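Participant: structure for this input, please:
(4 chains)
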Protein chains: 2
Amino acid sequence: MATQLVSTSTNFSHFQPLTVVESKTNSPYGLPIVDSCAACKLRNNSFFCALSAESLRDLDEIKHASLYPEGALVFVEGQAARGVYIVCQGRAKLMTTNRDGKTLILKIAQPGEILGLHSVISGKAHELTVETLQPSQLAFISREDFLKFLKGHGDACLHAAQHLSRDCQSAYDSIRSIGLSHSVSEKLARLLLHWSADGRAADGMIRTKLALTHEEIAQLIGSSRETVTRALGEFKKRHVAELIGSTLLVRNKTALEGLAAC
Amino acid sequence: MATQLVSTSTNFSHFQPLTVVESKTNSPYGLPIVDSCAACKLRNNSFFCALSAESLRDLDEIKHASLYPEGALVFVEGQAARGVYIVCQGRAKLMTTNRDGKTLILKIAQPGEILGLHSVISGKAHELTVETLQPSQLAFISREDFLKFLKGHGDACLHAAQHLSRDCQSAYDSIRSIGLSHSVSEKLARLLLHWSADGRAADGMIRTKLALTHEEIAQLIGSSRETVTRALGEFKKRHVAELIGSTLLVRNKTALEGLAAC
DNA sequence: AAACAGCAGTGATGGAGATCACACACCTCT
DNA sequence: AGAGGTGTGTGATCTCCATCACTGCTGTTT
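Facilitator: Got it, this is the predicted structure:
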């Protein structure tokens, strides 16, 4: 299996990341490189990381790890699906774009998730654009190899189905959030609650790390940047929640829940 | 395999349909009853209908056909997933509801589609409510039987994954439509175009059968009944499209596309 | 027939939020 | 230091659409 370093790609510069440097020992972008799933220290039991030892070994055979800088486009809406990408480290945003440039972020992919699974399985073009939010390591598996792998490994196929069902659920959540709420504050409150779910609590307050701009938050809830700024200002004034640098601080969770429900 | 006739359930009357009458020869609700997938005249090559002969035979063993009247609730949001339902005949709307009663229709399920697949595979409660739009025949398969079936039949598992990926795609379409359009006319135009895709064309116009109220259309695009009425009135005045009884008549497809794009 | 329910058409009104237009704070370059 | 870029804070408008409040129009029930 090869570990590749993908060249820096600023927005929209090029779609197919190309191999630039072979690197097994160095650590560009400050990331530890992981070559083998079986030996991976970062393995969590989410999704594909939790396969049988045998399947994991076979998976190692067909995957190729690549490193991406922040802001790299992994694949783009409308592009034919060459294969799937497993997020080993880092985070990436899945988004879709309008003709007049308005974009909507559907989800922030975390380590362990697969990107491009639906397109590869359905055989259609990508419906989403994926852009890294941090320097990230992704493992690429070509469409043919992956489909062959699924056919040969029943457990992996079920895992894939489970992963897809999760994707469906999160998509339905988005639809409910975007389509069924009256105000922007409501959607924003729901989003902050969702994030604070995996944060650390301390003396009644919850802290969560997240590095997103107001613009990106707006794209997550289908609103405008200014409105998000105003709503966050309101939350801060009322001592409900606050964004300090890149950490979210929830001061009053129940009040936030009240705002999310109404 | 048993064919059951489910009692009439008006909205919200009861959640778990109960067996009322055994009927193999009669045809309640004016539906022809189909007992065996292998002998089914209505079989199309979508999704689960297109399985290998062997899988289809085994599927016949574990499924139970039921008849539902119009407006029957097949399952409800929040309910534990007992199993999946394959739509043999009829149509059903998949919807999600707000706390204050506002509902959003995500999709109209057609024959050949499976309902409740994600919930059964992920093991979580149903995220959607399903209500029949017409007298319908659904084939029920319990969760345990279905999961056992998937594990034993690789082709079926891949089919399930494909079905899920389709669901994802349609969910993403909904998100894009709801979240990224500026006006209601735009969303409505897109919806009408989508419907007219499987309609019959004749002297420049396209006719499609669909029996939905303005209210339901509003719930499909996340708008209000009055606004839909007004937008449709505008389309009619401009000779773009028209709703006559239960048929959609698209007079000027290019104009409609223009409205959908802008 | 009368009474009723469900649906469609229409006007008036209010408000939430998109949009435009700034000012300001903070980076990183040269 | 200055210049440029990126992200944030705020005010002023303006428009679209949800909502309310009717009037009809069907078909069904009694």
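Participant: thought residue A:110 was touching residue A:91?
Facilitator: Yes - under the criterion of C-beta atoms under 8 Å, residue A:110 makes contact with residue A:91 at 6.2 Å. C-betas here are computed from N, CA, C, even on glycine.
Participant: have a look at the two and say which one is more surrounded.
Facilitator: Regarding residue A:110 and residue A:91, a neighbour count based on other C-beta atoms under 10 Å in any protein chain shown identifies residue A:91 as having more, with 19 against 14.
Participant: got the contact list for residue A:205?
Facilitator: With contact set as C-beta atoms under 8 Å, 6 or more residues apart in numbering or on different chains, residue A:205 has these partners: A:249-251.
Participant: for it, list each beta-bridge partner.
Facilitator: Beta-bridge pairing of residue A:205 under DSSP bridges involves residue A:202.
Participant: distance of it from DNA strand D?
Facilitator: According to C-beta to the nearest atom of the strand, to the nearest Å, residue A:205 and DNA strand D sit 19 Å apart.
Participant: now that residue: how far from residue A:245?
Facilitator: Shown here: residue A:205 relative to residue A:245, a distance of 15 Å by C-beta to C-beta, to the nearest Å.
Participant: low pLDDT regions in the stretch 1-150 of chain A?
Facilitator: A:1-49 (pLDDT under 70).
Participant: hey, which helix is longest across chain A?
Facilitator: Across chain A, the longest stretch assigned as helix under DSSP state H is helix A:154-179.
Participant: so does that one get close to DNA strand C?
Facilitator: No - judged by C-beta under 7 Å from any atom of the strand, helix A:154-179 stays clear of DNA strand C, getting no closer than 10.5 Å.
Participant: and the stretch 151-262 of chain A, which residues reach chain B?
Facilitator: Contacts of the stretch 151-262 of chain A with chain B, taken as C-beta under 8 Å from any C-beta of the partner chain, map to A:151, A:154, A:157-158, A:160-162, A:164-169, A:171-176, A:178-181, A:222, A:261.
Participant: in ChimeraX, how would I select just the buried ones from those?
Facilitator: Of those, the buried ones can be selected in ChimeraX as follows, counting by 16 or more other C-beta atoms under 10 Å in any protein chain shown:
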select /A:154,157,158,160,161,162,164,165,166,167,168,169,171,172,173,174,175,176,178,179,180,181,222
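Participant: all strands of chain A, in order?
Facilitator: A:3-6, A:19-22, A:64-68, A:73-75, A:83-89, A:92-97, A:103-109, A:114-115, A:129-132, A:136-142, A:200-202, A:205-209, A:241-244, A:247-250 (DSSP state E).
Participant: pairing partners for the third one, with directions?
Facilitator: This means strand A:64-68. Sheet pairing for strand A:64-68, assigned by DSSP bridges, gives strand A:3-6 (parallel), strand A:136-142 (antiparallel).
Participant: closest residue of the stretch 1-150 of chain A to chain B?
Facilitator: Of all residues in the stretch 1-150 of chain A, residue A:118 sits closest to chain B, at 3.8 Å by C-beta to the nearest C-beta.
Participant: doesn't residue A:165 make contact with that residue?
Facilitator: No - applying C-beta under 8 Å as the test, residue A:118 and residue A:165 come out as separate, 11.3 Å apart.
Participant: in chain A, which residue is closest to the centre?
Facilitator: The structure's chain A has its C-alpha centroid closest to residue A:109; by C-alpha atoms, centre = their mean the separation is 1.3 Å.
Participant: hmm, back to that, tell me who's in contact with the residue of the stretch 1-150 of chain A closest to chain B.
Facilitator: Residue A:118 neighbours (C-beta under 8 Å, 6+ apart): A:127, A:164, A:167, B:164-165, B:168-169.
Participant: what do residue A:118 and residue A:165 both touch?
Facilitator: Residues touching both residue A:118 and residue A:165 by C-beta under 8 Å, 6+ apart: residue B:164.
Participant: which bits of the stretch 1-150 of chain A sit near DNA strand C?
Facilitator: residue A:102.
Participant: the stretch 1-150 of chain A against chain B: which residues are in contact?
Facilitator: A:96-99, A:102-104, A:106, A:117-119, A:121-122, A:124, A:127-128, A:150.
Participant: 7 Å instead?
Facilitator: When proximity is defined by C-beta under 7 Å from any C-beta of the partner chain, the stretch 1-150 of chain A lies next to chain B at A:96, A:98-99, A:102, A:104, A:106, A:118, A:121-122, A:127-128, A:150.
Participant: between those residues, which is closest to residue B:50?
Facilitator: Checking the residues of the stretch 1-150 of chain A next to chain B against residue B:50 with C-beta to C-beta, the nearest one is residue A:122 at 14.3 Å.
Participant: who wins for neighbours among the contacts of residue A:205?
Facilitator: residue A:250 (22 neighbours).
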